[in-house]
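Trainee: Provide a 3D model corresponding to the input given below.
(one chain, ligands or ions: 1)
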Amino acid sequence: MRFDVITLFPEQFRILSREGVVARALSRGIAELRLWNPRDFAPGPHRRVDDRPYGGGPGMVMLFEPLAAAIAAARAASPKSQVAYLSPQGTRLDQDAINDIAAKPGWILLAGRYEGIDERLLERCIDQEWSIGDYVLSGGELPAMVVMDAAIRLLPGALGHERSAYEDSHMSGLLDCPHFSRPEEIDGLRVPKVLLSGDHGAIARWRRQQALGRTWLKRPDLLAKMTLDQATTLDQATTLDQEAR
Ligand SMILES: NC(=O)c1ccc(NCc2ccccc2)nc1
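Mentor: Numbers count the residues shown, from 1 in each chain. So this is what the prediction gives:
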């Protein structure tokens, strides 16, 4: 999978190639990253990439021409990739959206700065607009890295243990179950007995019921997406959860 990122701050992306799942995927060729700086496409001696907004108001707007030229260069290098712009005005991403993103051959990600970009870029050059949440950051670079991390970890071979990506909570539409490791007892707090039983069926059931119970208590909105039959086991889970407490 190939990511082309258009950014005024390419140095920020060094962090991805240093350590962790994304760095390993990049070094193994499971994913590729290429950076494009709009300033390299800005004409004239001053190579301007931003200017004041028509109509007045605070801050600066990223100019059409350098971004359009950078996007065209990235499209030429990655003809199968669509262009996605990271902005608070974009479609909210969730795990389903990330799954779809990870299924594509590549993406050209546009990381905006300042107050945003000239609106005509959205008309002429951008295919999709995404938001990682309802808050404003100083730039689209971190959202771009969030999307890359969430998508790359789903690629075959990216995680040491394949199954852990697909057993993730949000992969099942539920929140995650509790996790425990050594020691068995900390300050009077013990590991649930079922996890020490070696009974993998009981353990799997307990984990599922815990995930259902937690989702019901903390994120009932996620349950709205689930079918009725799955939700009925919820009652059992909540009872079990009360018994376990
Ligand atoms: N919530 C997000 O995904 C997000 C994306 C970008 C961003 N900052 C850059 C920017 C600011 C204003 C207009 C367009 C881009 N902040 C948050």
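Trainee: for the residue nearest in space to the middle of the chain, pull up the helix or strand it's in.
Mentor: The structure's the chain has its C-alpha centroid closest to residue 147; by Cα atoms, centre = their mean the separation is 3.4 Å. Assigned by DSSP states H and E, residue 147 belongs to helix 141-152.
Trainee: pLDDT on that helix, on average?
Mentor: Mean pLDDT, helix 141-152: 98.
Trainee: and it, how far from the chain's centre?
Mentor: Relative to its chain's centre, helix 141-152 lies at 5 Å (Cα atoms, centre = their mean, to the nearest Å).
Trainee: that helix close to the ligand?
Mentor: Yes - judged by Cβ under 6 Å from any ligand atom, helix 141-152 comes into contact with the ligand through residue 143. Backbone N, C-alpha and C define where each C-beta goes, glycine included.
Trainee: what's in contact with that helix?
Mentor: 1, 3, 5, 7, 9, 12-13, 15-16, 21-22, 25, 30-31, 33, 84, 86, 93, 95, 98, 101-102, 107, 109, 111, 130-132, 137, 158 (Cβ atoms under 8 Å, 6 or more residues apart in numbering).
Trainee: CA-only coordinates of it in CSV, if you can.
Mentor: This file holds the C-alpha atoms of helix 141-152, laid out as CSV (Å, rounded to 0.1, in the frame of the first residue of the first chain):
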residue,chain,number,x,y,z
GLU,A,141,0.0,16.0,9.6
LEU,A,142,-1.0,14.2,12.8
PRO,A,143,-4.4,13.2,11.3
ALA,A,144,-2.5,11.9,8.3
MET,A,145,-0.2,9.8,10.5
VAL,A,146,-3.3,8.6,12.5
VAL,A,147,-4.9,7.3,9.3
MET,A,148,-1.7,5.7,8.1
ASP,A,149,-1.1,3.9,11.4
ALA,A,150,-4.7,2.7,11.6
ALA,A,151,-4.6,1.4,8.0
ILE,A,152,-1.1,0.0,7.8
